[in-house]
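Engineer: predicted model follows, preceded by the sequence.
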Amino acid sequence: MKPNNNIVANIFDCVKDLDQFNNYGKTFAQKVCKQKAKDLDAEQLIAQVNENFVQRFNGKQEDAFQLFLNIYDVFKRNQANHISYNIFMEGFIKYLVNKGDIQFLANLAKDNWKLIPGDVLERYLDFFQIKEAIPLEDIKQIVNYLIMIKKVNEALKVIGVFNVRNKLDMKEMIERMVNQDKINEALTIVNDEDIELQKHFVNQLIFKNYEDKCIEIIEKYNLNYKEFPQLVDRMEKKKVAKILQDCNQNWEKAEERINSQSQLLFYLVDLLVQKKKYQEAASIISRHQLNKIFQTQIDSLASHFELNQLLQDKSQNTMLNRILERDGFGPTEVLCFLEQEKYLTLEECGINQTDVYFIDQINQDFKIAVEILTKSKLIGFDSEFIPRWNKFEKGGIATLQLATNNKIFIFDTIKLLENEQFLDFVTYLFENENILKIGHSIWQDINEMDKTFKAKKEMKIKSFQDVGIIYKEALNLENVSSLKQMCYQILKQKISKYEQISDWSKRPLRKCQIHYAALDALLPLMLYEQINLMIENDSLKLLQSQSLDKNNLQYSSKTKYNEQPLQVGNFFKYSNRTENFFKNKQPKFIVDNMLYKLVKYLRNSGIDSTFLQDKNYKLICDLSNKEERIILTRNSKFFKQILCQAPVFLIQETTNTENQFKEILNFFKIQVDDGMILSRCIKCNGDKLEIISSEQAHKYVDFYNPNYSDFQFFQCASCKQVYWEGEKFKRSKERFNSIAQNVNQKLNSGSQQNEEISSQKD
């Protein structure tokens, strides 16, 4: 930009009228100072400043200094940037140097240093040689004042200029910054050496409910999370509440899931009391003798008259947990809850209980497993995971299930993980290219296997197929079907998924769990063979096997792309092949684990969006290509490294979720109509929401509104999540309608200035 020859002179002319100067100063900041530094001819502007000072104040340095302070005062009020500060600082200094009497203004400079912006404070102090003369108390005073008026960045600049970090009460400063929600700024004054300050910072964040930031800092500085019991308690309480929600308020299922964790059981009791389920709460207290472990807390809960009565009269609180009391080798719904509905059993698949081996040591059963599995060409594969009660626990695989057509082996990974023979066997089996492993949603199992085994044994996992993807591609389906859906569609059988969220870390496992785990390993094998038969009958060849290792999941014949990537700006990459993922149609997205909130915005607006917690980006690329989805990520490292394997859109970290959402709508020109709002399941991305009666809904959700029967209810056909048109529904509808209308208007008016993808090929 060419500097305006009159701009500096105009500022000097306006200085006598501060209101007028205030307006002109803002114009200066907008027109000149906000431009990029490379666009400014700073030397010319500095020369103009110097020239104006010389012309107006040839012998009046004090007047020149006062004008200089006035200019800075206006610039600060108008939030001008460092460029404008530097220009006037250097111009004024040039004027003073030419006058040759700098010491004359030293005392005046010392008295007014607090008025100087942090960006040029060091230059100011050094020029007048007054830094050492500034009292520490004055520095503390201005720092505290700046924090009080929420100018935290300015306070940090002052601290840096005077290098007084070790002379200030940093704990108090952290507290004040956190109270003002200046978390990122507070993080800048925490260093690697000051462990006590790190802990103090975490405790302040806990108090303000910044859970994710607490986790980030604890992991960054390798602090012991157990030193923050309040944070762990809060996480575990949320986990228990989520378990109860995931179990559709089924307290029996929730109790089984946390059966071995006394503290979590107490949280469950507390939740049940809040929901006025006193008999259920009393039965859990009695069954696990929680009143002996948490006497004070239980006494406090017993202030509820109904609960107290039940605890006093034990004959009334013997409400059985049918999952814990009943068991058998078969579906939980049938054996524990005595349901009449028909579910597929292992016996119907030709597998007896004696054909299922639970192996927790190196014995004869282990030798049988090794002999059979290493000679097999085709095995079914599944695993169950160790529950994570807080975000610091590592989880991992609890059981590893491997199936042939007539034998199923369940390996207790928790007990066998330290055994070299077991590790050697698993490594051989999973690296063997001649043994095809068949699973469903295998990326989850592979990711957990990687976490579980990598510290013990390096392993390159090979020769896998995902039966869900095979079925999707063979039938040209839009999405991958669940195992439950595939069994119903192909085998014409209903399967039980009741034990899916059981406690797989507790030993011994219940027989219902063993039946579930064994069947889950056998079913992919059965489905694979059935699909293969269907394809052969249609004179089709089975799709080529997937080649998988723990760092590289891809179709060997399909995803080795050698295309030159195309790019829009520094935020979107794609290729000619993947252009049809979004050109002239509604795009679908796959969202990485850093953008969970964004997924909710997309699904709330009816946009097809898959969310993956898996951090394996090569896996995400593979799924992107299979389902023709655009990857949304905040991982700039991944964005820079990827070539053209899949289309990737880089989300800006500095924007909030709503702005990220608008950015996507604008760039891909997605118009959201009223019928799309709240048309998808937020939980699973399903697009089939069926109207159900209030009586049906009551089976899945606890209601506290006595007029719940007046609501209209919807249920997701896939995951059975229930929604209803209450106040929250109305607010959400209004909110997303407002966002959509705003974006639609911009798109329709053509005011949006996004670059056209087709014309931006780098």
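Structural biologist: Yep, it's here. Worth saying up front: this structure is predicted, and the values here are computed from it rather than measured.

Engineer: counting neighbours, which bits of stretch 343-354 end up buried?
Structural biologist: Judged by neighbour count (16 or more other C-beta atoms under 10 Å), stretch 343-354 contains these buried residues: 343, 344, 345, 346, 349, 351. (Each C-beta comes from the backbone N, C-alpha and C, glycine too.)

Engineer: neighbouring contacts of it?
Structural biologist: Applying C-beta atoms under 8 Å, 6 or more residues apart in numbering, the contact partners of stretch 343-354 are 329-331, 333-334, 355-356, 405-406, 408, 487, 491, 493-496, 515, 518-519, 522, 526.

Engineer: do stretch 234-252 as well
Structural biologist: Outside stretch 234-252, the residues that touch it by C-beta under 8 Å, 6+ apart are 206, 211, 253-254, 257-258, 263-264, 267-268, 271-272, 275, 277, 280, 284, 321-324, 389-391, 501, 699-702, 720.

Engineer: got the domain boundaries for the chain?
Structural biologist: Using automatic domain parsing, the domain parsing of the chain gives 7-207, 231-325, 332-555.

Engineer: doesn't residue 91 make contact with residue 47?
Structural biologist: Yes - Residue 47 lies in contact with residue 91 (C-beta atoms under 8 Å); the separation is 7.4 Å.

Engineer: go through this structure and flag its longest helix.
Structural biologist: For the chain, the longest helix by residue count, based on DSSP state H, is helix 511-537.

Engineer: still on that earlier bit, in helices only, show me the contacts of stretch 343-354.
Structural biologist: Secondary structure assignment by DSSP H places 333, 334, 515, 518, 519, 522, 526 of the contacts of stretch 343-354 in helices.

Engineer: among those, which one lies nearest to residue 376?
Structural biologist: Nearest to residue 376 out of the ones in helices among the contacts of stretch 343-354 is residue 522 (C-beta to C-beta; 13.1 Å).

Engineer: check contacts around that closest one.
Structural biologist: Counted by C-beta under 8 Å, 6+ apart, residue 522 has contacts 346, 349, 351, 380, 403, 408.

Engineer: out of those, which one sits closest to residue 682?
Structural biologist: Nearest member of those to residue 682, counting by C-beta to C-beta, is residue 380, at 32.3 Å.

Engineer: make sure that closest one is indeed in a strand.
Structural biologist: Yes - under DSSP: H, G, I helix; E, B strand; the rest coil, residue 380 sits within a strand.

Engineer: what about residue 406, distance to residue 351?
Structural biologist: 7 Å (C-beta to C-beta, to the nearest Å).

Engineer: nope, residue 744 is what I was after
Structural biologist: 56 Å.

Engineer: count of neighbours near the closest residue in space to residue 390 that isn't next to it in sequence?
Structural biologist: Spatial nearest neighbour of residue 390, excluding adjacent residues (C-beta to C-beta, 6 or more residues apart in numbering): residue 235 at 4.0 Å. Using other C-beta atoms under 10 Å, residue 235 has 21 other residues around it.

Engineer: quick one: pLDDT of residue 235?
Structural biologist: Reported pLDDT at residue 235 in the predicted model: 91.

Engineer: name the element it belongs to?
Structural biologist: Using DSSP states H and E, residue 235 falls within helix 229-246.

Engineer: what's the following helix or strand after that helix?
Structural biologist: That would be, after helix 229-246 and using DSSP H and E, helix 251-257.

Engineer: any buried residues in stretch 190-204, and which?
Structural biologist: Burial within stretch 190-204, assessed by neighbour count using 16+ other C-beta under 10 Å, is assigned to 190, 194, 197, 198, 199, 200, 201, 202, 203, 204.

Engineer: related to what we said a few turns ago, lowest-confidence stretch among the domains of the chain?
Structural biologist: Taking the mean pLDDT of the domains of the chain, domain 7-207 comes last: a mean of 80.

Engineer: could you look up the SS state of the closest residue in space to residue 230 that isn't next to it in sequence?
Structural biologist: The shortest distance from residue 230 to any non-neighbouring residue, by C-beta to C-beta, 6+ apart, is to residue 206 (5.4 Å). At residue 206 the chain is in helix, as set by three-state DSSP.

Engineer: show me what contacts residue 206?
Structural biologist: Per C-beta under 8 Å, 6+ apart, neighbours of residue 206: 214, 228, 230, 231, 234.

Engineer: state the number of residues packed around the second one.
Structural biologist: In other words, residue 228. So residue 228, with other C-beta under 10 Å, has 20 neighbours.

Engineer: with adjacent residues omitted, what lies nearest to it?
Structural biologist: Spatially, and ignoring its direct neighbours in sequence, residue 228 is nearest to residue 202 (5.9 Å; C-beta to C-beta, 6+ apart).

Engineer: any figure for the gap between the one you found and residue 224?
Structural biologist: For residue 202, the distance to residue 224 - C-beta to C-beta - is 11 Å.

Engineer: same deal with residue 119?
Structural biologist: In terms of C-beta to C-beta, residue 119 sits 40 Å off from residue 224.

Engineer: the more surrounded of those two?
Structural biologist: The neighbour comparison of residue 119 against residue 224 (other C-beta under 10 Å) goes to residue 119, with 18 against 9.

Engineer: let's see the helix or strand encompassing residue 297 as CSV, backbone CA atoms only.
Structural biologist: Taking DSSP H and E as the criterion, residue 297 maps to helix 295-301. Extracted as CSV, the C-alpha positions of helix 295-301 are listed here (Å, rounded to 0.1, in the frame of the first residue of the first chain):
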residue,chain,number,x,y,z
GLN,A,295,-21.0,-44.4,55.8
THR,A,296,-21.1,-40.6,56.0
GLN,A,297,-22.2,-40.2,52.4
ILE,A,298,-24.9,-42.9,52.7
ASP,A,299,-26.2,-41.3,55.9
SER,A,300,-26.5,-38.1,54.0
LEU,A,301,-28.5,-39.8,51.2
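
Engineer: check which helices and strands it is in contact with.
Structural biologist: When contacts are defined as 3 or more C-beta pairs under 8 Å, 6 or more residues apart in numbering; DSSP states H and E, helix 295-301 sits against helix 262-274.

Engineer: residue 384 belongs to a helix?
Structural biologist: No - secondary structure of residue 384, determined by three-state DSSP: strand, with no helix assignment.

Engineer: could you pull up the residues touching it?
Structural biologist: 397, 398, 399, 401, 502, 504, 517.

Engineer: what do you get for residue 422?
Structural biologist: When contacts are counted by C-beta under 8 Å, 6+ apart, residue 422 touches 362, 366, 411, 416.

Engineer: same thing but 6 Å
Structural biologist: residue 416 (C-beta atoms under 6 Å, 6 or more residues apart in numbering).

Engineer: same question, residue 688
Structural biologist: The contact partners of residue 688, by C-beta under 6 Å, 6+ apart, come to residue 717.

Engineer: okay, it: pLDDT?
Structural biologist: Taking residue 688 on its own, its pLDDT is 83.

Engineer: buried sites along stretch 405-420?
Structural biologist: So for stretch 405-420, counting by 16+ other C-beta under 10 Å, buried means 405, 407, 408, 409, 410, 411, 412, 413, 414, 416, 417.

Engineer: now the fifth one: which helix or strand?
Structural biologist: Spelled out, it's residue 410. strand 408-412.
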